[in-house]
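Asker: no sequence on this one, just coordinates:
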Ligand code: 5GP
């Protein structure tokens, strides 16, 4: 049964390496909103330690396209610079919204724009490094990627940063705790609900 108090969509994007996952984990612990994380579907293979249904719904390309054709996705894209499909399943969103949850979608910039078209009242937050140079230093310090991979990631990040102004909020992730506090502030300050555009 739909609740009288439908929840809200919260869309979070930002370049890889900006520390989004760490920040989001902390937000879930600290924010005083009934947050629920939407587990995306993807065609990329699981990384070590990732679990099907917890980190992603891992689908074959054929399964993904079948579900796409059946209209199972709120949005899906072949994510720029990744070479794999990613998408938000309606089944991750609708039941939680109807239960009054605040559904957090961690999607790329194309996904975010597509969600906004259907849910103009979604809260959109772009988590970003202070600059591309800061991101470069962070990736270099991590030491897990080869130089060519760092350049590739920075190029993707540059493209993504051109979308930053289209988000309602930008949060600079210089310091994890400050970024977490800022996102919690944004969520706790928002009082409107999230009915789709056509309702
Ligand atoms: P990763 O493969 O590192 O887990 O994620 C790669 C990128 O895919 C991230 O930038 C993330 O935001 C994006 N992504 C993850 N899930 C979705 C989704 O459901 N839809 C879209 N459009 N992008 C997604």
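Answerer: Arrived safely. A quick note: this is a predicted structure, and the numbers were derived from the prediction, not measured.
Asker: for the rest of this, base every contact and every neighbour count on C-alpha atoms.
Answerer: Fine.
Asker: residue 91: what's it in contact with?
Answerer: Residues counted as contacts of residue 91 (CA atoms under 8 Å, 6 or more residues apart in numbering) are residue 72.
Asker: one more: the one 10 residues further on?
Answerer: Contact partners of residue 101, counting by CA under 8 Å, 6+ apart, are 6, 7, 8, 34, 35, 36.
Asker: just the buried residues of those.
Answerer: 6, 7, 8, 35, 36 (16 or more other CA atoms under 10 Å).
Asker: I'd say the second one and residue 100 touch.
Answerer: I take that to be residue 7. Yes: between residue 7 and residue 100 there is a contact under CA atoms under 8 Å: 3.9 Å.
Asker: what's the local residue count around residue 13?
Answerer: 26 (other CA atoms under 10 Å).
Asker: tally of neighbours for the closest residue in space to residue 172 that isn't next to it in sequence?
Answerer: Leaving aside its chain neighbours, residue 172 sits nearest to residue 128 (5.0 Å; criterion: CA to CA, 6 or more residues apart in numbering). Using other CA under 10 Å, residue 128 is surrounded by 26 other residues.
Asker: surely residue 128 is in contact with residue 170?
Answerer: Yes: counting by CA under 8 Å, residue 128 does reach residue 170; the two are 7.1 Å apart.
Asker: enumerate the residues of the chain near the ligand.
Answerer: Neighbours of the ligand within the chain, by CA under 6 Å from any ligand atom: 13, 16, 40, 76-77, 86-88, 106-108, 110-111.
Asker: what about the helices in this protein?
Answerer: 20-30, 61-69, 90-98, 109-118, 132-142, 147-161, 176-189 (DSSP state H).
Asker: can you redo those helices as JSON lines with mean pLDDT?
Answerer: JSON lines is the format used below for the helices of the chain (pLDDT from 0 to 100):
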{"stretch": "helix 20-30", "mean pLDDT": "93"}
{"stretch": "helix 61-69", "mean pLDDT": "98"}
{"stretch": "helix 90-98", "mean pLDDT": "97"}
{"stretch": "helix 109-118", "mean pLDDT": "97"}
{"stretch": "helix 132-142", "mean pLDDT": "91"}
{"stretch": "helix 147-161", "mean pLDDT": "92"}
{"stretch": "helix 176-189", "mean pLDDT": "96"}
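Asker: what sits opposite the spatially most central residue of the chain in the beta ladder?
Answerer: In the chain, the centroid-proximal residue (CA atoms, centre = their mean) is residue 106; its distance is 1.2 Å. Residue 106 has the following beta-bridge partners by DSSP bridges: residue 12.
Asker: quick one: it and residue 13 touch, right?
Answerer: Yes: counting by CA under 8 Å, residue 13 is a contact partner of residue 106 at 5.9 Å.
Asker: between the buried ones among the contacts of residue 101, which sits nearest the ligand?
Answerer: residue 36 (14.3 Å; CA to the nearest ligand atom).
Asker: OK, contacts around that closest one?
Answerer: Counting by CA under 8 Å, 6+ apart, the residues that residue 36 touches are 96, 101, 102, 103, 104.
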